[in-house]
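**Student:** Build me a model:
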Amino acid sequence: MSDSSDEQGQPPHDVQLEAKRLRRLAIEAIAALTDEELAARVAAPTRFAVALRSARDLVEARDFALSLLTRPGEGPGDPDPTPPPEAFPTLLRFAELRLGAPEELDDEGARSIVRELQAVRADLKALRRALTGRERGPELWAVVRVLPRDEALARVGA
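**Tutor:** A predicted model of the protein is given here:
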């Protein structure tokens, strides 16, 4: 069996890394890990695994974990976590929905909260910023699922 360098007419020592292939391999490696292994690799609680699975590599997974472990504004260099006034209706509605839900959510319970917010055209970016302090990160339903109710409510200022 020939290696890919032979197939491309390159000497065996002339290895070229393809960024797209490396990203795909990293995603596949994360998918192959158990929840416990993934959480251990990024020093996060096992319950965070559902949110970490959307990371493209372990560095991003660690960043996701930090955004879930640290309240917005408490990390080094974090911007002021005070939401803009236009975000308050979204944060209030989220607080109402989260208060009415069980302490621990399953996937469907978390997705249901996000769907309800989408239905009323809530500012989901503002909610993500309030919960994680970030513009981007794990899927919002996964963030809602892994944060304990009291922690989620504290982060939105309820």
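
**Student:** check contacts around the residue nearest to residue 27 when sequence neighbours are not counted.
**Tutor:** Leaving aside its sequence neighbours, residue 27 sits nearest to residue 56 (Cβ to Cβ, 6 or more residues apart in numbering; 5.8 Å). Glycine gets a C-beta too; all of them are placed from N, C-alpha and C. Residue 56 makes contacts with 23, 26, 27, as judged by Cβ atoms under 8 Å, 6 or more residues apart in numbering.

**Student:** most surrounded residue in the residues you listed?
**Tutor:** Neighbour counts for these, by other Cβ atoms under 10 Å, peak at residue 26, which reaches 17 neighbours.

**Student:** if I look at that one, how far off is residue 32?
**Tutor:** Look at residue 26 and residue 32: by Cβ to Cβ, to the nearest Å, they are 11 Å apart.

**Student:** got the residue ranges for the helices in this protein?
**Tutor:** Under the criterion DSSP state H, the chain carries helices at the ranges 4-7, 19-32, 35-41, 49-52, 58-69, 88-99, 107-119, 124-132, 140-146, 149-155.

**Student:** Which one of these lies nearest to residue 80?
**Tutor:** Residue 80 lies closest, by Cβ to Cβ, to one member of the helices of the chain: helix 124-132, at 10.9 Å.

**Student:** Got the confidence number for residue 26?
**Tutor:** At residue 26, the predicted lDDT confidence score is 88.

**Student:** gap between the residue lying closest to it once chain neighbours are set aside and residue 50?
**Tutor:** Among residues not flanking residue 26 along the chain, residue 57 sits closest, at 4.2 Å (Cβ to Cβ, 6+ apart). Using Cβ to Cβ, one gets 17 Å for the distance from residue 57 to residue 50.

**Student:** Where does the prediction get shaky in this structure?
**Tutor:** Counting by pLDDT under 70, the low-confidence segments of the chain come to 1-15, 76, 158.

**Student:** Find the residue at the geometric middle of it.
**Tutor:** Residue closest to the mean C-alpha point of the chain, counted by Cα atoms, centre = their mean, is residue 138 at 2.0 Å.

**Student:** Excluding chain neighbours, what is closest to it?
**Tutor:** Leaving aside its chain neighbours, residue 138 sits nearest to residue 51 (3.8 Å; criterion: Cβ to Cβ, 6+ apart).

**Student:** Would you check that the one you found makes contact with residue 63?
**Tutor:** No: in this structure, residue 51 is not within contact of residue 63 by Cβ atoms under 8 Å, at 11.4 Å.
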